[in-house]
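Asks: Predicted model follows, preceded by the sequence.
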Amino acid sequence: MSNPDESNWIAPEVLSGIRQQFFAECSDHISVLEAGLLELSAGHNDWEIINTIFRAAHSIKGGAATFGVEGLQHFAHELESPLARFREHHTFPSPAAIKVLLHAIDLLADMTRAALDGGCLAQDQIDSCVRELSTIEHAPIAEPASQVSKRSGSDNAFEDIGFVPAQAEFVEIASEPQHFRVRFRPHGELYARANDPLPLLRALKRLGEAEVTLDADSLPLLSELDHNEGYLFWTIDLLTAHDEAQIREVFEFVEQECELEIVCISSVAPAPENSLSPQKPEAPPQSNSPVPTQTPTSKGTQLSSTLRVNLDRLDRLMNLVSELVISEATLCEYAPPETDTHPNFPKALDDIKMLTRDLQESVMAIRAQPVRTVFQRLPRLVRDIEMATGKEVHLVMEGEDTEVDRTLIEGLNDPLTHMIRNAIDHGIEDAATRVKAGKSQKGLLRVSAAHRAGRLIVEITDDGQGLDRERIRSIAVERGVIGAEDVLSNEEIDSVIFQPGFSTSEKVTDISGRGVGLDVVNRSVQALGGRIAVSSRPGLGTTFSLSLPLTLAVLDGMLVSVCAQGLVVPLTNLLETVPLSTENLLQLGANTELLAIRGRHVPLVDLGALFEYRPPAPIKAEGVAVLVEADTGQQIALIVDDILDQRQVVIKALDIDTHPMEGIAAATVLGNGRVALILDINAIVALRRPKGTPAERLAADG
């Protein structure tokens, strides 16, 4: 007979790693809890949702017990209790109960973070939430739906806080102790997934009096041992007042990774003692097995499709790949002419280029994450704002599987939060106003993500009242943002809302109105190398568009020369290159030159004059024009002296002490050690827009 309470023999460093993995999984379980409750709140009364959120809470409780995090374990138990009651009585939580449970999940997340750092939350805060959970757990239980439907016009007071009946009968709980025999044989997959039979046996002992017997007869010689197999199994005689369903819940998360048999021997003859004897690997599962089983994993079979990797290690790997890209560029820079090299040298150099690119793309694929990790927080955010504003909003999310570099994922949280707050608080009208305007009572908020022209485009669209341009203009004039005589297009008026401290809100609320939201959004997006644009139709709604690079690490670019300075044009913006000649160069006014190309006329920008490499001068019919397109679709032609090469470059952020240069996004290090600036095409397009008073603009146009 074995003793399941024997001291743990796992090495401390191994246990520490498993503990870190537990806290990482806690975050996933908390996300499942929150998503499930929000689905129930939206009216999706799917019974599997109750099972899913219960399993998530149960997993947190079990893991916390395993690692001795008592505070987290006890609170998870308090959260699990009302969820267990929902399952037991086949009921769904009411809106008031969901509100209490969401608050408990927020507290559970705070407790998890505190426990990871070795701390804890204030006990009074925990006790207050436990009392709220208790009101759900001890609320009166509804009659089955079939009984309720017979009493038309009756009141259901319990629905205010506790349970909403589902179409199911109650589950009876055994009141007298019964004798169960549990036979449990883990497969190798159970161990491969970092599960351990010991906590399961301990959980059984907490249900009543248990006698545990280990069967090790099938354990082979050490030379024949297969580490992918499970050879041990246990028989547990359990005297308990709990029923079979509650005993089976102990094994709920490993049922697919073991053979399990539970028999009440008080009323059923015991199964043969060898019913769970190890079978030959090739033998199929018994047809009368009490639960679905899986055959043991064979040698060499992949046990899991995912692997958790420390982000610091991934960042170091990305840095090494970036340095490899620079070294490859250096090798190409100093490679001798083909006539002076070994015949195989050019092919070897091409192989290095190909392998470097493949390695970089593989690492980028590992770092890529779907924007779902950001989007999954939005339903809760919208629900909280709905409650604070009294508005009803239907949230639609699209493109959740769109992948982007994880560094951008982290930077998207704050901008999206600010814009959604503003969209609901300022954009979407209250129900009475919407009905009066002929709209549905519930507002529509659409958040989408997609890849477009090598960039990530995130759009937030509402069907609200749109931007009040007259009010925006009057406030901008009042605060000196623009002059009273300035003539602004609708696009320019809309962009005023991104000015620091600008706000049209008449009062400060908990949601928005402090004049920092959209300014913060603009600066956050620019810090990620992106741009934000807004378009609005009065009475119909507003759309905010975020255009972001797919990665902040490397990009493909065209290296050009301007006044002996190297500049990089991102390939995602580049359309084509055209030699300048007298036939395609046109003059419009005193200060505007155009490039004639296939029946169109595109504005020309002299990069040398723009960046003050040389004084402004009339453009000559020499050099090369690089035709580029901004995210808005507007095209311009950049004048450069020469095109040097197309290559992959490593993005290096400019130092915070460097004086900001409009039109420059970042820098890179070339193979010869020199620094080249990476162009910001969107900013260059914006730079050539005329500014100032109407008189100044006329003068600028000649």
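Replies: Thanks, I have the structure now. Numbering: from 1, shown residues only.
Asks: And the top helix by length along the chain, what's buried?
Replies: Of all the elements of type helix in the chain, the one with the most residues (DSSP state H) is helix 12-41. Using 16 or more other Cβ atoms under 10 Å as the burial criterion, the residues of helix 12-41 that qualify are 19, 22-23, 25-26, 29-41. All C-beta atoms are positioned from the backbone trio N, CA, C, and that covers glycine.
Asks: And for stretch 555-571?
Replies: By neighbour count with 16+ other Cβ under 10 Å, stretch 555-571 contains the buried residues 555, 557-562, 565-570.
Asks: before we move on, what about stretch 248-257?
Replies: Buried residues in stretch 248-257, counted by 16+ other Cβ under 10 Å: E249, V250, F251, F253, V254, E257.
Asks: Let me see the backbone angles for the second one.
Replies: What it means is V250. Torsion angles at V250 (phi, psi; degrees, to the nearest 10) stand at phi -60, psi -40.
Asks: repeat for the last one
Replies: Taking degrees, to the nearest 10, you get phi -120, psi 20 for the backbone angles of E257.
Asks: who's in contact with it?
Replies: For E257, the contacting residues are P186, H187, E189, L190, R193, N195, Q294, by Cβ atoms under 8 Å, 6 or more residues apart in numbering.
Asks: R674 too?
Replies: Taking Cβ under 8 Å, 6+ apart, we find R674 in contact with G566.
Asks: Against V32, how distant is it?
Replies: For R674, the distance to V32 (Cβ to Cβ, to the nearest Å) stands at 51 Å.
Asks: could you pull out the strands for the stretch 451-600 of the chain?
Replies: When assigned using DSSP state E, counting those that start in this stretch, the strands of the stretch 451-600 of the chain occupy the ranges 455-462, 531-537, 541-549, 554-562, 565-570, 574-579, 585-588, 592-597, 600-606.
Asks: The second one relative to strand 541-549, how many degrees between them?
Replies: Angle between the axes of strand 531-537 and strand 541-549 is 160 degrees (criterion: axes from the mean of the first three to the mean of the last three Cα atoms, to 10 degrees).
Asks: ok so, going back, downstream of the longest helix of the chain, the next helix or strand is which one?
Replies: Note on helix 12-41: by DSSP states H and E, the next helix or strand toward the C-terminus is helix 47-66.
Asks: From the contact counts, what lies against the helix or strand following that next one?
Replies: Towards the C-terminus, the helix or strand next in line after helix 47-66, according to DSSP H and E, is helix 70-89. Using 3 or more Cβ pairs under 8 Å, 6 or more residues apart in numbering; DSSP states H and E as the contact criterion, the secondary-structure elements in contact with helix 70-89 are helix 47-66, strand 91-93, helix 95-116, helix 123-137, strand 163-165.
Asks: Please point out which parts of helix 70-89 sit buried.
Replies: When burial is assessed from 16+ other Cβ under 10 Å, helix 70-89 yields the following buried residues: 72-87, 89.
Asks: and that helix, how far out from the chain's middle?
Replies: 27 Å (Cα atoms, centre = their mean, to the nearest Å).
Asks: Report the backbone C-alpha coordinates of it in CSV.
Replies: Only the C-alpha atoms of helix 70-89 are listed here, as CSV (Å, rounded to 0.1, in the frame of the first residue of the first chain):
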residue,chain,number,x,y,z
GLU,A,70,-3.6,28.9,0.3
GLY,A,71,-5.2,32.3,-0.1
LEU,A,72,-5.6,31.8,-3.9
GLN,A,73,-6.9,28.3,-3.3
HIS,A,74,-9.5,29.3,-0.7
PHE,A,75,-10.8,32.2,-2.9
ALA,A,76,-10.9,30.0,-6.0
HIS,A,77,-13.0,27.6,-3.9
GLU,A,78,-15.4,30.3,-3.0
LEU,A,79,-15.7,31.3,-6.7
GLU,A,80,-16.1,27.6,-7.7
SER,A,81,-19.0,27.0,-5.2
PRO,A,82,-21.7,29.0,-7.0
LEU,A,83,-20.5,27.7,-10.3
ALA,A,84,-20.8,24.1,-9.0
ARG,A,85,-24.3,24.9,-7.9
PHE,A,86,-25.2,26.1,-11.4
ARG,A,87,-24.0,22.8,-12.7
GLU,A,88,-25.7,20.8,-10.0
HIS,A,89,-29.1,22.3,-10.5
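Asks: Could you tell me the angle between the direction of it and that of helix 123-137?
Replies: 10 degrees.
Asks: Now E252: phi and psi?
Replies: Torsion angles, degrees, to the nearest 10, at E252: phi -60, psi -30.
Asks: Quick one: residues contacting it.
Replies: For E252, the contacting residues are R55, H58, taking Cβ under 8 Å, 6+ apart as the criterion.
Asks: Same check on A35?
Replies: For A35, the contacting residues are Q376, P379, by Cβ under 8 Å, 6+ apart.
Asks: From the chain's centroid, how far away is the helix or strand where D384 lies?
Replies: Element membership for D384, per DSSP H and E: helix 378-389. Remark: helix 378-389 is offset 18 Å from the chain centroid, using Cα atoms, centre = their mean.
Asks: Please identify the buried residues of it?
Replies: By neighbour count on 16+ other Cβ under 10 Å, the buried set for helix 378-389 is L378, P379, R380, V382, R383, I385, E386, T389.
Asks: Let me have the residues you listed in JSON lines, extended by distance to D642 and pLDDT.
Replies: Listed next are the buried residues of helix 378-389 as JSON lines, based on distance: Cβ to Cβ, whole Å; pLDDT from 0 to 100:
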{"residue": "L378", "distance to D642": "48", "pLDDT": "87"}
{"residue": "P379", "distance to D642": "53", "pLDDT": "87"}
{"residue": "R380", "distance to D642": "54", "pLDDT": "84"}
{"residue": "V382", "distance to D642": "53", "pLDDT": "88"}
{"residue": "R383", "distance to D642": "57", "pLDDT": "86"}
{"residue": "I385", "distance to D642": "54", "pLDDT": "87"}
{"residue": "E386", "distance to D642": "58", "pLDDT": "86"}
{"residue": "T389", "distance to D642": "58", "pLDDT": "85"}
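Asks: No further questions, thank you.
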